[in-house]
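J.: coords please:
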Amino acid sequence: MALDWHAYLATAGATILFLSVFPYILSIVRGETIPHLVTWIGSLFLTAISTAAQLVKGPSWSVVIPIVITLNTLWIVILSLRYGVKVFSTIDKVCFVLGIAAIVLWILTNEPLVALYLSILADFIFMIPTMIKTYKYPSFRHIGSLNSEFQFRGQYP
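T.: Residues are numbered from 1 along each chain as shown. The predicted structure follows:
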């Protein structure tokens, strides 16, 4: 059976996403970027849940994209355990709890629009520790790492 154009586009997109994380990984390993563990764990939860939801609903070729995003995010979480910010301040703990609460509400709701708003809210809450860290220590962010990080955002159904 020949692949249709959806398969080609999904494969091309997944390949680009897979390769796009490597500059960010190198930046972390070189000490140029210090990822914030709370942000990346939250992002991993969001991407894994959205990937699982798409798999459960009957996957098409489009599921390749969230799978790659989830795997890329997992790599960043693993690197964050070694190279990232692991000290949990009060604001980190509050953001983590609020982010998890938004995810739980997102999963429990049967209203698609409410679920969308809650997933966006959870993503924003999980980004707060990174925004604070970036404000306090701007030298630990460079344009390549920001570009890679923003590619992971907004990929949720």
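J.: which residues of the protein score low on pLDDT?
T.: Low-confidence segments of the chain, defined by pLDDT under 70: 1-3, 112, 140-157.
J.: burial count for Tyr24?
T.: 25 (other Cβ atoms under 10 Å). Glycine gets a C-beta too; all of them are placed from N, C-alpha and C.
J.: and what about it, helix, strand or coil?
T.: helix (DSSP: H, G, I helix; E, B strand; the rest coil).
J.: all helices for this protein, in order.
T.: 5-29, 37-56, 64-83, 90-108, 112-136, 143-151 (DSSP state H).
J.: point out the most buried one among those helices.
T.: Of all these, helix 37-56 has the most neighbours on average by mean count of other Cβ atoms under 10 Å, namely a mean of 21.
J.: and that one with helix 64-83, angle?
T.: 160 degrees (axes from the mean of the first three to the mean of the last three Cα atoms, to 10 degrees).
J.: pull the distance from helix 37-56 to the chain's centre.
T.: Distance of helix 37-56 from the chain centroid (Cα atoms, centre = their mean, to the nearest Å) equals 7 Å.
J.: can you dump the C-alpha coordinates of that helix into CSV?
T.: Extracted in CSV, the C-alpha atoms of helix 37-56 (Å, rounded to 0.1, in the frame of the first residue of the first chain):
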residue,chain,number,x,y,z
LEU,A,37,12.6,21.2,35.9
VAL,A,38,9.1,22.3,37.0
THR,A,39,8.4,23.8,33.6
TRP,A,40,9.6,20.8,31.7
ILE,A,41,7.8,18.2,33.9
GLY,A,42,4.6,20.1,33.4
SER,A,43,5.2,20.3,29.6
LEU,A,44,5.8,16.5,29.7
PHE,A,45,2.5,15.9,31.4
LEU,A,46,0.7,18.0,28.9
THR,A,47,2.3,16.5,25.8
ALA,A,48,2.0,12.9,27.1
ILE,A,49,-1.7,13.4,28.0
SER,A,50,-2.5,14.9,24.6
THR,A,51,-0.5,12.2,22.8
ALA,A,52,-2.3,9.5,24.7
ALA,A,53,-5.7,11.1,24.0
GLN,A,54,-4.9,11.1,20.3
LEU,A,55,-3.8,7.5,20.4
VAL,A,56,-7.0,6.4,22.2
